[in-house]
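# What shape does this take:
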Amino acid sequence: MKHTANLLVRILLIVAVAALSGCTGALGYWRAEDAPRHFVEHRPDGRLCLTQAVGPKIGALFDQVTIAPRQTSEMLELRKSLLRSLRPLDIVLGRSHSASSREFLPTYFTHSMIWIGDEPQLRQARLWTAPEIVPLRESIKQSGVIAEAANTDVRVSPINVLDYYDEVVILRPTNRQRGDLRRALSRITARLGVPFDVSFDYEDKSRLSCIEFVVAVFPQLKLPERYAQGRLAIVPDDAVRGAIDGTLPLQVVTHLAISDVGKVTRLPVGETSRRLTQPNEKPAYPIY
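The predicted structure follows:
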């Protein structure tokens, strides 16, 4: 029964996301200045209205989906590689091996997270006694934790959420003083529990998508706004692109890919850049 329920939920998710989501779909996204006339004139868009109405329900459905994780040996190999590279408050972007995520998200990297750290890293960074860390210590001691906006809200999750990605890129903000890290931690804890923005509507400041959460924690990251099916959005690929071309105060630490047989490969920056999506050219037809 559980497997049947999961299958039904996944089918509902695919239909709902394909029909409703503004940061998804084969249409992709455009530069904000190429938005269609109806959007520029602030006329209502039915697609946005629908996602605003049913978005929380879609997020709750995501929480019910169980996706099989990788085999233990594969998970350990990827975790070892990640932990060798990660430092507290690194930004982690993942590309899901879930076919449904790849089908509907027009950005190559499908999820954005923030690595808070594990106990040895936080002690080394002199953050273990920070007031923001103390309530999280028990969770951190188990394996280290990440902060993310996902499914229903902004939350703290164990490192094993990374087991569902077959590519991970790590970005590191260039401001690494202890005060910078403390301020980032404060912004994370202040946003825990904020509802997840399934509509990916950047103008809705009451909710946060995954990449909106990252930008809220690191306000120095000025990502370009993109138009997508009746709303403005920001996309994870632009964060990676800005780190590569130097337009954002970020550096690319590593890009890891894991094969079907569990082999972890470190990809060069040129290959990372090649895989990123680009905004579509403005079409001749009026509604997009």
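# Am I right that Ala147 is in a helix?
No: going by DSSP: H, G, I helix; E, B strand; the rest coil, the assignment for Ala147 is strand, not a helix.
# In the chain, what residue spans correspond to helices?
For the chain, the helices defined by DSSP state H occupy 2-20, 37-40, 46-64, 72-85, 99-104, 119-124, 137-143, 178-191, 210-217, 236-245, 269-275.
# Mind listing what's buried along stretch 159-172?
159, 161-172 (16 or more other Cβ atoms under 10 Å). In this view, the C-beta of every residue, glycine as well, is placed from N, C-alpha and C.
# In strands, which of the residues you listed appear?
If you go by DSSP state E, the buried residues of stretch 159-172 have Tyr165, Asp166, Glu167, Val168, Val169, Ile170, Leu171, Arg172 in strands.
# re the thing from before, got the buried residues of stretch 159-172 as JSON lines, with pLDDT and distance to Ala150 columns?
Compiled in JSON lines, these are given as follows (pLDDT from 0 to 100; distance: Cβ to Cβ, whole Å):
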{"residue": "Ile159", "pLDDT": "90", "distance to Ala150": "14"}
{"residue": "Val161", "pLDDT": "86", "distance to Ala150": "8"}
{"residue": "Leu162", "pLDDT": "87", "distance to Ala150": "12"}
{"residue": "Asp163", "pLDDT": "83", "distance to Ala150": "14"}
{"residue": "Tyr164", "pLDDT": "82", "distance to Ala150": "11"}
{"residue": "Tyr165", "pLDDT": "88", "distance to Ala150": "13"}
{"residue": "Asp166", "pLDDT": "87", "distance to Ala150": "18"}
{"residue": "Glu167", "pLDDT": "93", "distance to Ala150": "18"}
{"residue": "Val168", "pLDDT": "95", "distance to Ala150": "15"}
{"residue": "Val169", "pLDDT": "97", "distance to Ala150": "18"}
{"residue": "Ile170", "pLDDT": "98", "distance to Ala150": "18"}
{"residue": "Leu171", "pLDDT": "98", "distance to Ala150": "18"}
{"residue": "Arg172", "pLDDT": "98", "distance to Ala150": "22"}
